[in-house]
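Student: Sequence first, then the predicted structure, then my questions.
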2 protein chains.
Amino acid sequence: MKNETLFKLSYGMYAIGVRNEEKVSACIVNTVFQVTNTPNTLAVSMNHDNYSHECIKKTGLFTVSVLSEDTPGTVIGALGFTSGRDTDKLVNIRHRVLEEGLPVIKENCCCWFLCRVINCAETPTHTVFIGEVIAGSDVAKGEPMTYDYYHKVIKGSAPKNAPTYQEPPRQSNEAESWVCTVCGYVYNDPDVPFEELPDDWVCPICGMSKSAFKRK
Amino acid sequence: MKNETLFKLSYGMYAIGVRNEEKVSACIVNTVFQVTNTPNTLAVSMNHDNYSHECIKKTGLFTVSVLSEDTPGTVIGALGFTSGRDTDKLVNIRHRVLEEGLPVIKENCCCWFLCRVINCAETPTHTVFIGEVIAGSDVAKGEPMTYDYYHKVIKGSAPKNAPTYQEPPRQSNEAESWVCTVCGYVYNDPDVPFEELPDDWVCPICGMSKSAFKRK
């Protein structure tokens, strides 16, 4: 079996919101599904090393914000490719803090759910948290972003802790490819060589400067 | 919160293959995600009342066939809207039985995985089975069908045991709508009144005859 076959599974794109004492944080996942509707219950897979994992274990609460197709790559990069242990990931992202102290995304968000963990299942690297939906937005708007859209249209990649992470395939025109050392985004536009990009150009996924890129 | 907000979660469409002694069966689900890649592990949510649930509990094995966009509604209907307890659901569907005795779909299938249950998490109505991928197809082909595509293009609905089932909304042109009592498919083509459909017309989802339809 080739690992690429697993790319045929379909997903959405979600921001998981958490809190730790008074601090809020969030991360990006694609692995969310509804377990049952009696009562409404969601499941999410999360890496043991993630700061969000530690927060959910501590509080037993998480939010799910369903990202819409118009979410910029920089929002996904800010939440998906740095750790909430080191930085305030939400500082530049419009969000609302619920009464329970957890954040939900305000912009580019179809709807949100607040979940209380009722069960979980362990694997060697990830926990599947099962959370009953205890609150949610009254309306849903916009077209939800699929993981496929994120890859094909936004040209995004998966962080190493993601359940669906795979080593990026080698490009055929290697001389032209530059890879972001933070998020793995590969720049290989045949029309504009990397060296000719303006100095203030930043990675469209994680916002790092040109100096974070290395030639492949 | 309105239940419709949960429709913004994105899914694929999958046939879950099972065996019970020498008998094979399968059902349709949308709720599958990858939990981790070390080793490759999938999760699936399944109703306690489903025959497939009973088989997985007994054997600790299941297959996941990723359905492609060209899967006819009748295949989904045959696997999704009858019970394997009463019928041989695979009798008219091309499939292959693996060495381990479990079926995978041969036609309209992007790829398949064989999983051994390593853990599970319970809710009042559904079990989330966590299965390590112990075998899979070498190649993946075709465009995977999304749950959104199934609803919008194939006009399919969810069976009552599905985690994402919701009561169908009332149609405004109720006099024109006929609903299939087996699968819930709603016929309301304004160009062809239901009464004028030929006698051998069958439900495009579950294959039942006109007599299985009731006016809404």
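Tutor: Structure's in. What do you need? Residues are numbered from 1 along each chain as shown, chains lettered A, B, ... in the order given.
Student: domains in chain A, as residue ranges please.
Tutor: Following automatic domain parsing, one gets these domains for chain A: A:10-152, A:178-215.
Student: now the ones you listed in a markdown table, with mean pLDDT, mean neighbour count and distance to chain B?
Tutor: Where C-beta positions appear, they are placed from N, C-alpha and C, glycine not excepted. Putting the domains of chain A into a markdown table (pLDDT from 0 to 100; neighbours: other Cβ atoms under 10 Å in any protein chain shown; distance: least, Cβ to the nearest Cβ, whole Å) gives the following:
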| stretch | mean pLDDT | mean neighbour count | distance to chain B |
| --- | --- | --- | --- |
| domain A:10-152 | 94 | 20 | 3 |
| domain A:178-215 | 85 | 15 | 15 |
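Student: Tell me which of the ones you listed lies nearest to B:Leu61.
Tutor: Evaluated with Cβ to Cβ, the domains of chain A place domain A:10-152 nearest to B:Leu61, the distance being 17.3 Å.
Student: Pairing partners for the helix or strand hosting A:Arg19, with directions?
Tutor: Per DSSP states H and E: A:Arg19 is located in strand A:14-20. Strand A:14-20 sits in its sheet next to strand A:23-29 (antiparallel), strand A:61-67 (antiparallel), going by DSSP bridges.
Student: Give me the longest strand you can find in chain A.
Tutor: When chain A is parsed with DSSP state E, its longest strand is strand A:109-122.
Student: For chain A, which segments count as strands?
Tutor: A:14-20, A:23-29, A:32-37, A:40-47, A:61-67, A:95-97, A:103-105, A:109-122, A:126-136, A:178-180, A:186-187, A:213-215.
Student: Could you check the angle the first one makes with strand A:109-122?
Tutor: Put plainly, it is strand A:14-20. 70 degrees (axes from the mean of the first three to the mean of the last three Cα atoms, to 10 degrees).
Student: gap between strand A:14-20 and the chain center?
Tutor: 10 Å (Cα atoms, centre = their mean, to the nearest Å).
Student: And for the last one?
Tutor: A distance of 23 Å separates the C-alpha centroid of strand A:213-215 from that of its chain, computed with Cα atoms, centre = their mean.
Student: what does it contact?
Tutor: A:177-181, A:187, A:194, A:203 (Cβ atoms under 8 Å, 6 or more residues apart in numbering or on different chains).
Student: same thing but 6 Å
Tutor: If you take Cβ atoms under 6 Å, 6 or more residues apart in numbering or on different chains as the criterion, strand A:213-215 is touched by A:178-181.
Student: What does the pLDDT read for A:Pro168?
Tutor: pLDDT, A:Pro168: 63.
Student: list the contacts for A:Pro190?
Tutor: Counting by Cβ under 6 Å, 6+ apart, A:Pro190 has no contacts.
Student: and the gap between it and A:Glu176?
Tutor: 7 Å (Cβ to Cβ, to the nearest Å).
Student: same check, this time on A:Ser209
Tutor: Distance from A:Ser209 to A:Glu176, by Cβ to Cβ: 20 Å.
Student: same deal with A:Ser68?
Tutor: Relative to A:Glu176, and taking Cβ to Cβ, A:Ser68 is found at 33 Å.
Student: And for A:Ile205?
Tutor: Applying Cβ to Cβ to A:Ile205 and A:Glu176 gives a distance of 18 Å.
Student: Over to A:Phe213?
Tutor: 12 Å.
Student: Excluding chain neighbours, what is closest to A:Pro39?
Tutor: Nearest residue to A:Pro39, sequence neighbours excluded (Cβ to Cβ, 6 or more residues apart in numbering or on different chains): A:Glu132, at 5.7 Å.
Student: Same check on A:Ile130?
Tutor: A:Asn119 (4.2 Å).
Student: hang on, isn't that neighbour packed against B:Ala121?
Tutor: Yes: contact criterion Cβ atoms under 6 Å: A:Asn119 and B:Ala121 qualify, at 4.6 Å.
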